[in-house]
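test case, fold it:
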Amino acid sequence: MATFEKRETKSGVTFKAIVRVKGFPVKRKTFKRLTDAKEWAKQMEVSMSRGEFVTLGKDAQKRTVRDMIEIFIEMDTSSKKETTRHTEKGFLNWWADAIGEYALSQVTPALISQQLNILKNEGVRRGNGSIDPTKTKSRRTLKYYRDILDKAFKKAVQLRWVAQNPFDEVDPITKLNNERVRFLDDDERARLLKACKESPSKYLYTIVIFALSTGARKSEIMKLTWRDVDFERNVAVLHKTKNGETRAIPVVGHLKTLLEELYKHRRDDTNLLFPRTDGKAPVSIRKAWDTAVQKAEIEDFRFHDLRHCAASYLAMNGATLAEIAAVLGHKTLAMVKRYSHISEQHTASVVTRMNEKIFGDS
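Below is the predicted model of the structure:
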């Protein structure tokens, strides 16, 4: 409960509010007006009853955002893939550079929102590593940056380094409407494949055909070894996929022909399908890819969009969402719903042709 002490001095009258709640330290504060003292006492009692009140020691009050980030990385024992851990560390390093010297008590929702806006307008990294200043980061990317620092602040609250998580009042960025489905039309596909075939890179054309035929990710394709390819069963086995599972994908048609030819001329010093010169790691096709896309005069197209192409072509040829999910390696249909409208358009087209053939103009 709260009690109030009235004091009269030469400088005037003051009122000291004293709040005593079992399980919490006694809190005192002096005000010039009794109404202010009562309002403060009421807020303190409510905070304590809700468990929102935290007493911070002097050492904790000196902690900075950089201190918090360092301890968060050190204490993060969750089972994550090394690539995920590396990516998250990159996001946290950005925050450390931006507001690392701020005391935790100085970080406000307004400051965080301001920094997210700065991040949004920093530009987007191109495939060759340079920054395109004309583009802004997507909401999905901003959410990754936002959520990882939010987790760090939650840890700081647990450690009683800060009384409240400022992210509680920051836009959670939940509306991610940037699910792009960019796929090549027939003319674009022909131009791109021609440019890839003419590329000085001996593997580029085959790698692109692989992606278009199977929907496999670039990282999955580049890690393949000849032990993973079974020509008799017409499959290639992908290990260390994004969702952590192993999956087999079909190797048929033009792709199989290309791989069989590549197998005839495979190198003896490496088992990789697409090795770099020393054979110790996969070849880099970044520069060759960028050149081919530019030569084919194709705009707004990334290597990962070949995966969307494969899924879209499957939908156009009557594949169900379940079949598309199986090919792409998605555990649920939620990730392939973006292709549903293409499948629906195909179905409508098939039904229209059937009606025209059966009923004609009747």
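
not counting sequence-adjacent ones, nearest residue to K154?
With C-beta to C-beta, 6 or more residues apart in numbering as the criterion, K154 has its nearest non-adjacent residue at 5.9 Å, and that residue is N165. The C-beta positions use only the backbone N, C-alpha and C, and glycine is treated the same way.

what's the neighbour count on the one you found?
18 (other C-beta atoms under 10 Å).

how about the strands in the stretch 51-200 of the chain?
124-125, 131-132 (DSSP state E, counting those that start in this stretch).

check which strands are paired with the last one and give the direction for each one.
Strands adjacent to strand 131-132 in the sheet, as given by DSSP bridges, are strand 124-125 (antiparallel).

quick one: the partner strand to chain centroid distance?
Per C-alpha atoms, centre = their mean, to the nearest Å, the displacement of strand 124-125 from the mean C-alpha position of its chain is 14 Å.

repeat that for stretch 163-171.
Relative to where its chain is centred, stretch 163-171 has its mean C-alpha point 21 Å off (C-alpha atoms, centre = their mean).

report the separation between E169 and A110.
Relative to A110, E169 is positioned 9 Å away (C-beta to C-beta, to the nearest Å).

that older thread, F210 is nearest to which of the strands of the stretch 51-200 of the chain?
strand 124-125 (24.6 Å; C-beta to C-beta).

got a list of contacts for that closest one?
Residues lying outside strand 124-125 but in contact with it, judged by C-beta atoms under 8 Å, 6 or more residues apart in numbering, are I131, D132, K135, T136, K137.

now with 7 Å?
I131, D132, K135, K137 (C-beta atoms under 7 Å, 6 or more residues apart in numbering).

redo those as a markdown table? Include pLDDT, distance to I324 and neighbour count.
A markdown table is the format used below for these (pLDDT from 0 to 100; distance: C-beta to C-beta, whole Å; neighbours: other C-beta atoms under 10 Å):
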| residue | pLDDT | distance to I324 | neighbour count |
| --- | --- | --- | --- |
| I131 | 74 | 34 | 11 |
| D132 | 73 | 31 | 10 |
| K135 | 77 | 29 | 14 |
| K137 | 82 | 28 | 17 |
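
wait, which of these is closest to R63?
Using C-beta to C-beta, K137 comes nearest to R63 of the contacts of strand 124-125, at 28.7 Å.

low-confidence stretches in the stretch 51-200 of the chain?
Within the stretch 51-200 of the chain, the set of residues satisfying pLDDT under 70 comprises 51-61, 126-129, 173-181.

ok, the residue nearest to K32 when sequence neighbours are not counted - contacts?
The shortest distance from K32 to any non-neighbouring residue, by C-beta to C-beta, 6+ apart, is to T14 (6.0 Å). Under the criterion of C-beta under 7 Å, 6+ apart, the contact list for T14 reads R7, T30, F31, K32.

kindly recompute the last result at 10 Å.
Listed by C-beta atoms under 10 Å, 6 or more residues apart in numbering, the contact set of T14 reads E5, K6, R7, E8, T30, F31, K32, R33, L34, A37.

just those: which are in helices?
With helices defined by DSSP state H, the entries of these inside them are L34, A37.

ranking by neighbours, what's the top pick from the contacts of T14?
Neighbours here are counted as other C-beta under 10 Å. On that basis the top member of those is A37, with 22 neighbours.

pretty sure that residue sits against K27.
No: A37 sits out of contact with K27 when judged by C-beta atoms under 10 Å, with a separation of 11.8 Å.

which neighbours do the two share?
When contacts are counted by C-beta under 10 Å, 6+ apart, A37 and K27 are jointly contacted by A2, A17, I18.

all good on my end, thank you.
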